[in-house]
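Student: coords below, sequence missing:
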């Protein structure tokens, strides 16, 4: 009996030794309203802006409105089984998403959760979706080109690493195609890509993912999707989540390309949330801070200083216009935030000029700094020449008697348009772009019929790979134009043997 008593006594002593008097205090509120992806709750007096909150059913929300008597919460995910009177507690964490190398090659939702059916993502790193953009002293000038592989972009509106270049145009004018082609062209370019699909149909996103897989681009790409069937909060936070995933690489000295496709749908989602949360509307029924919503996102794209590792994040936001109206509220907002825009015109697209870039309305505020020296030489006045050709073409379409100089300008303009055409998903190496543009600007194509330009171009590339590989290598490795006599001889050698319908 005494032995048993001793055993019980020792067990009690052990338990008393291991007892820890830790109190776990949670700040808990009560849901007073729920509906359409938002909720209101009282009792969360110390909640922070963008703090992650947890409902009693396990769902999460983000504190959006901090008001004197309650907190406006956007619900992340399903909200059907949240009821008035349910409890909601603070987590003490600002809204964050998983980041890191293991995200590459995956398709995730706006919370960073995999949606591609390939199992969980093994990563322990997270980043807040909202962070302050780098300041002026933390940046450096944009000087390094980001090659898109599209002649019309790299020659007319060049993009540099760390730049923000807007792609703008009507529906179905090839905006996404430019973005996808740019991702495909980053193969072996030491670039990580993030494609954020906001409000795009799931079937469309699946097609884009298959295209990226086909060209081996998923090996360095993260696809983040928030479809139209998802609640508005997911569409609203998607671009911020994508930016956080990109910043993880940028702050580690790497180069990132991020595409927001498209911010018009994010603006619509934010307007919906703001109306439900009773935020004051501004111009055109958009909330007054819609400009800030986009600017604080796009300012996060930067070329960091060498002290911070020299990494970069290049942003290509996409905006959809209505009937080509770039003076509407959201388009003018984003134009004023970015460092230039690529304007796609539906008339050009339907007439077969693709990519349908309007040379007159498109601009890059970085310009020649984002081009290799060889491209800068051959594409010098190409944008202005093309814009003036468009005006001249419209002016002379009813005239028959034209002087020789005007006729020559029109002929050169037509050949320029033909050279800048490019099939979808066929990005071109920069050395080949320089070669054909050199041939164009030095008059080698003037004697070639417009209908034969495409076959001439392809033939020239094949001929140069066999007979002028050293010249192409010089352009590729040094960025400089090689010996012009050798270049002239190479192009002339091919042109003389070209058997097009109007060749010499």
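Tutor: On my side now, so go ahead. A quick note: this is a predicted structure, and the numbers were derived from the prediction, not measured.
Student: make it CA atoms for all contacts and neighbour counts henceforth
Tutor: Noted.
Student: sec struct for the nearest residue to residue 218 once chain neighbours are set aside, please.
Tutor: Excluding its sequence neighbours, the residue lying closest to residue 218 (C-alpha to C-alpha, 6 or more residues apart in numbering) is residue 105, at 4.9 Å. Classification of residue 105 using DSSP: H, G, I helix; E, B strand; the rest coil returns coil.
Student: give the contact list for residue 105.
Tutor: 218, 219, 220, 221, 222, 223 (C-alpha atoms under 8 Å, 6 or more residues apart in numbering).
Student: Among the residues you listed, name the buried ones.
Tutor: Neighbour-count burial (16 or more other C-alpha atoms under 10 Å) applied to the contacts of residue 105 gives 218, 220, 221, 222, 223.
Student: can you pull the contacts of the closest residue to the second one other than its chain neighbours?
Tutor: Right, the one you point to is residue 220. In this structure, residue 220 finds its nearest non-sequential neighbour in residue 192, 5.1 Å apart by C-alpha to C-alpha, 6+ apart. Taking C-alpha under 8 Å, 6+ apart, we find residue 192 in contact with 220, 221, 249, 254, 255, 256, 257.
Student: What of residue 354?
Tutor: 174, 348, 421, 422, 423.
Student: Identify, from the contacts of residue 192, the entry nearest to residue 143.
Tutor: residue 255 (13.2 Å; C-alpha to C-alpha).
Student: need the strands for the stretch 151-300 of the chain, in chain order.
Tutor: 166-169, 191-198, 221-226, 255-261 (DSSP state E, counting those that start in this stretch).
Student: picking up where we left off before, make TSV out of the contacts of residue 105 and add distance to residue 202.
Tutor: Conversion of the contacts of residue 105 to TSV gives the following (distance: C-alpha to C-alpha, whole Å):
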residue	distance to residue 202
218	17
219	21
220	21
221	18
222	16
223	12
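Student: Which pair of those residues spans the longest distance?
Tutor: Taking C-alpha to C-alpha as the measure, those span a maximum distance of 11.2 Å, between 219 and 223.
Student: With adjacent residues omitted, what lies nearest to residue 247?
Tutor: Going by C-alpha to C-alpha, 6+ apart, residue 247 has residue 313 as its nearest residue, at 7.2 Å.
Student: Touching, the one you found and residue 258? I think so.
Tutor: Yes. In this structure, residue 313 is within contact of residue 258 by C-alpha atoms under 8 Å, at 7.0 Å.
Student: what touches both of the two?
Tutor: Common neighbours of residue 313 and residue 258 (C-alpha under 8 Å, 6+ apart) are residue 246.
Student: neighbours of residue 352, just the number please.
Tutor: 11 (other C-alpha atoms under 10 Å).
Student: Look up phi and psi at it.
Tutor: Note on residue 352: its backbone torsions stand at phi 100, psi 0 [degrees, to the nearest 10].
Student: when you give positions from now on, start the count at 17
Tutor: Right, with 17 as the first residue, what we last looked at is residue 368.
Student: So it versus residue 189, what's the distance?
Tutor: Here the criterion is C-alpha to C-alpha, to the nearest Å. By it, residue 368 lies 11 Å from residue 189.
Student: for residue 45, same thing?
Tutor: 49 Å.
Student: that older thread, SS state for the residue nearest to residue 263?
Tutor: Strictly by three-state DSSP, residue 329 counts as strand.
Student: List the residues that contact it.
Tutor: 177-179, 262-263, 266, 271-274, 316-319.
Student: Tell me the bridge partners for it.
Tutor: residue 272 (DSSP bridges).
Student: Against residue 118, how distant is it?
Tutor: 19 Å.
Student: Show the contacting residues for the most centrally placed residue in the chain.
Tutor: The geometric centre of the chain, computed from its C-alpha atoms, lies nearest to residue 275 (C-alpha atoms, centre = their mean), at 1.2 Å. Going by C-alpha under 8 Å, 6+ apart, residue 275 touches 195, 209, 210, 211, 212, 331, 332, 333, 334.
Student: can you tell me how far it sits from residue 389?
Tutor: 27 Å.
Student: likewise residue 60?
Tutor: Residue 60 is 59 Å from residue 389, by C-alpha to C-alpha.
Student: Compare these two and say which is more crowded by neighbours.
Tutor: It is residue 60, of residue 60 and residue 389, that has more neighbours when counted by other C-alpha under 10 Å, with 20 against 16.
Student: Now that one: closest residue in space that isn't a chain neighbour?
Tutor: residue 45 (5.3 Å).
Student: ok, the one you found - how many residues close by?
Tutor: Neighbours of residue 45 (other C-alpha under 10 Å): 22.
Student: what residue ranges in the stretch 317-466 of the chain score low on pLDDT?
Tutor: For the stretch 317-466 of the chain, the stretches flagged by pLDDT under 70 are 414-416.
Student: just checking, residue 443 is part of a helix?
Tutor: No. Counting by three-state DSSP, residue 443 is not found in a helix; it is coil.
Student: what sits against it?
Tutor: Contacts of residue 443 (C-alpha under 8 Å, 6+ apart): 164, 165, 166, 197, 198, 200, 201.
Student: want to throw these into CSV with distance to residue 487, neighbour count and pLDDT?
Tutor: Listed next are these as CSV, based on distance: C-alpha to C-alpha, whole Å; neighbours: other C-alpha atoms under 10 Å; pLDDT from 0 to 100:
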residue, distance to residue 487, neighbour count, pLDDT
164, 21, 24, 96
165, 19, 24, 96
166, 21, 27, 96
197, 26, 22, 97
198, 25, 22, 97
200, 25, 26, 97
201, 21, 23, 97
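Student: distance between the ends of stretch 486-503?
Tutor: Termini of stretch 486-503 sit 11 Å apart (C-alpha to C-alpha).
Student: Tell me which stretches of the stretch 17-166 of the chain form strands.
Tutor: According to DSSP E, counting those that start in this stretch, the strands that the stretch 17-166 of the chain contains are 44-51, 54-58, 67-71, 76-82, 87-92, 103-110, 112-114, 123-124, 142-144.
Student: helices or strands next to the first one in the packing?
Tutor: With contacts taken as 3 or more C-alpha pairs under 8 Å, 6 or more residues apart in numbering; DSSP states H and E, strand 44-51 sits against strand 54-58, strand 103-110.
Student: For the last one, give me every contacting residue.
Tutor: If I follow you right, that is strand 103-110. By C-alpha under 8 Å, 6+ apart, strand 103-110 touches 42-47, 57, 60, 63-72, 144.
Student: Does residue 63 touch residue 80 like I think?
Tutor: No. Counting by C-alpha under 8 Å, residue 63 does not reach residue 80; the two are 10.0 Å apart.
Student: so what's in contact with these two at the same time?
Tutor: Common neighbours of residue 63 and residue 80 (C-alpha under 8 Å, 6+ apart) are residue 87.
Student: follow-up on the earlier one: do you know how far the residue nearest to the centre of the chain is from residue 425?
Tutor: Counting by C-alpha to C-alpha, the gap from residue 275 to residue 425 is 37 Å.
Student: cool, residue 179 as well?
Tutor: In terms of C-alpha to C-alpha, residue 179 sits 33 Å off from residue 425.
Student: Who has more neighbours out of those two?
Tutor: residue 179 (32 against 16).
Student: contacting residues for that one?
Tutor: Counting by C-alpha under 8 Å, 6+ apart, residue 179 has contacts 158, 317, 318, 319, 329, 330, 331, 355, 382.
Student: Neighbours of residue 384, how many?
Tutor: Neighbour tally, residue 384, other C-alpha under 10 Å: 23.
Student: Ok, residue 307 next?
Tutor: Quick note: residue 307 (other C-alpha under 10 Å) scores 18 neighbours.
Student: Since that was my last question, I'll sign off now.
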